[in-house]
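Colleague: please work out how this folds:
(2 chains)
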Amino acid sequence: MKKYVISKGLDDLFAGIYSAFQFIGLFFRQAFQPPFEFREIVRQCYEVGYKSLPLITMTGFITGMVFTKQSRPSLVVFGAASWLPSLIAIAMIRALAPLVTALISAGKVGSNIGAELGSMKVTEQIDAMEVSATDPFKFLVVTRVIATTLMIPVLAMYCAFLGMMGAFLNVYMNEKTSFPTFVNEAFGQISFLDIGTSMVKATCFGFTIGMVACYKGFHADQGTLGVGKAANSSVVLAMFLIFIEELMIVQMSNWVRIY
Amino acid sequence: MEKQKTHQIDKNERVISIHGLYKSFGDLKVLQGIDLEVFKGENVVVLGRSGSGKSVLIKIISGLLPPDKGKVNVLGQEVEQLTDKELLALRLKIGFSFQSSALYDSMNIRENLEFPLIRNIKNLGQKEIDHRVEEALDAVGLLDKIDVMPSDISGGQRKRIGIARTLMLKPEIMLYDEPTAGLDPTTSRDINDLINEVKERYNASSIIITHDLSCAKATGDRVVMLLEGKITRQGTFEEVFDTDDEQARSFYNYNFIQQP
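Modeller: All right, here's what the predicted structure looks like:
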């Protein structure tokens, strides 16, 4: 009969947290140690970034447009419809673009990485890589985490741009505001801190998505059932952590704003 | 008709030497004091039922799993004492053919075979890589599948290509994990021939993990029976099975009499 330090559930939880931190530690050790897998990193950036463009394009544009449409009635009541561009710019750049991009990427990219690595694990492809004298952690994990960390901020900027385009279309159709005026009003209220915070957020989200998906995929077991579980838990855990990070970074950026 | 084994075994040169090897997973004791030696140019077949620890044994030899206790010496190096870098260097000399073939699903057959070459041999021109890939595929009789994805070929073909991939780095030791599992008798015979051919061509020593007696008889210079984590019998195929030992007889009867 196996003895537990506290209970099975809590022991497993702490063992899981310890193992995750070990995984993160190994990533940082391997990421800065040559040889560097530049070719594979570029390939993964293409997979993560370029292949997500259609989805981000649609979502970003629609988010901007719908947010503008829903905000207008409230502002019109106070005669503040002219504030729409700045309201949308603040909302898109500070919060919506990184968050929407991260959530969509957690679903698309995270599940893809989790399932791919999980499938490689249960079909012994990771072992095969190891015995052919290739470090699978460096080749599979480091490259994917770097790709998501680099690409999610780029996609978030792209999402913000398209969200603003969607907002402009709606504003133009209702108020006939010209594009230069819209841009002037929108970016008048945006500071470097807003853009910087947004990029820091997106970078953290990208790192989280890549790390969670790789960890879950790398530790998949129980055959095909494990692959499904790895893909599913990659998405669920990444989304959960993204919201916690969002809360923490917003809080920290507010402190910076105050001081 | 299966090809005859004609290769030479050098009894003076040990390529694998295992002493007092133990391995457990939780409460499950898998290997319980294994002693085994493999000589240069020798094919050793490890026979045993599913779950008897056969695959764990070769995973420990290749450094994929750490032993709990005991010494594993491969080509003069103690595996458990090697640094990561030294272990990677040793693995260049070991070919591992997996039960599931373990072909990379995201790559076609050409890329699968190129992978170990590109990763491990610097300054190798594309022409030379192409030549080696075509040569290896030709050796396993599947040159026409060069640009096909692994999902589009049969189980037997996957096994052959898995073996071809391990040969890209011209290994000194080959480890085969259930090479004929799940294959029909004709394809199994082709794989047995291929194992013997690899031996002739590369003068490699091999450990063949199997529960298929036909494979053991066709490929093994020496047969080792592993039961409940311990080596119970070893010798030539005839020495191991020409006996009144109940476990050996039962294993033999199951394979040759009860199975169709």
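Colleague: which stretches of the chain aren't confidently modelled?
Modeller: Chain wasn't specified; assuming chain A. Residue ranges of chain A with pLDDT under 70: A:1-2.
Colleague: that's the other chain; I wanted chain B
Modeller: Applying pLDDT under 70 to chain B picks out residues B:1-7, B:254-260.
Colleague: show me what contacts the residue of it found nearest chain A?
Modeller: Across chain B, the shortest distance to chain A (C-beta to the nearest C-beta) belongs to residue B:102, at 3.7 Å. C-betas here are computed from N, CA, C, even on glycine. Residue B:102 is in contact with A:123-125, A:127-128, B:162, counting by C-beta atoms under 8 Å, 6 or more residues apart in numbering or on different chains.
Colleague: mark which of the residues you listed are part of helices, please.
Modeller: Among these, DSSP state H puts A:125, A:127-128, B:162 in helices.
Colleague: who wins on neighbours among these?
Modeller: residue A:128 (27 neighbours; other C-beta atoms under 10 Å in any protein chain shown).
Colleague: identify the residues contacting that residue.
Modeller: Residues near residue A:128 by C-beta under 8 Å, 6+ apart: B:96, B:98, B:102-104.
Colleague: same thing with residue A:57?
Modeller: Residue A:57 neighbours (C-beta under 8 Å, 6+ apart): A:158, A:162.
Colleague: kindly recompute the last result at 6 Å.
Modeller: residue A:162 (C-beta atoms under 6 Å, 6 or more residues apart in numbering or on different chains).
Colleague: from residue A:160, how far off is it?
Modeller: Using C-beta to C-beta, to the nearest Å, one gets 12 Å for the distance from residue A:57 to residue A:160.
Colleague: which residues of chain A lie near chain B?
Modeller: Within chain A, the positions adjacent to chain B are A:123-125, A:127-128, A:131-134 by C-beta under 6 Å from any C-beta of the partner chain.
Colleague: sort out which one of these lies nearest residue A:48 for me.
Modeller: residue A:125 (20.2 Å; C-beta to C-beta).
Colleague: quick one: the helices in the chain, in order.
Modeller: With no chain named, the answer covers chain A. A:8-31, A:38-48, A:53-77, A:84-90, A:97-105, A:111-122, A:125-131, A:136, A:143-175, A:179-188, A:192-218, A:223-258.
Colleague: that's the wrong chain, I meant chain B
Modeller: All helices of chain B, identified by DSSP H, fall at B:54-61, B:84-91, B:109-120, B:126-139, B:155-167, B:185-202, B:213-219, B:237-241, B:246-253.
Colleague: does the fourth one reach chain A?
Modeller: Read that as helix B:126-139. No: taking C-beta under 6 Å from any C-beta as the criterion, helix B:126-139 and chain A are apart, separated by no less than 13.4 Å.
Colleague: same for that helix, what does it pack against?
Modeller: On a contact count with 3 or more C-beta pairs under 6 Å, 6 or more residues apart in numbering or on different chains; DSSP states H and E, helix B:126-139 meets helix B:109-120, helix B:155-167.
Colleague: same list (those helices) but as a markdown table, adding distance to chain A.
Modeller: Below are the helices and strands packed on helix B:126-139 laid out as a markdown table (distance: least, C-beta to the nearest C-beta, whole Å):
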| stretch | distance to chain A |
| --- | --- |
| helix B:109-120 | 4 |
| helix B:155-167 | 8 |
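Colleague: hey, what's residue B:38 bridged with?
Modeller: Under the criterion DSSP bridges, residue B:38 forms beta bridges with residue B:16.
Colleague: what residues are up against it?
Modeller: So residue B:38 contacts B:15-16, B:44, B:205 (C-beta under 6 Å, 6+ apart).
Colleague: so residue A:148 makes contact with residue A:206?
Modeller: Yes: if you go by C-beta atoms under 6 Å, residue A:148 and residue A:206 touch, sitting 4.4 Å apart.
Colleague: which one of these two is surrounded by more residues?
Modeller: Counting neighbours by other C-beta under 10 Å for residue A:148 and for residue A:206 shows that residue A:148 has the greater number, 32 against 28.
Colleague: what's the closest non-adjacent residue to that one?
Modeller: Nearest non-adjacent residue to residue A:148, counting by C-beta to C-beta, 6 or more residues apart in numbering or on different chains: residue A:210, 3.3 Å away.
Colleague: cool, thanks, talk later.
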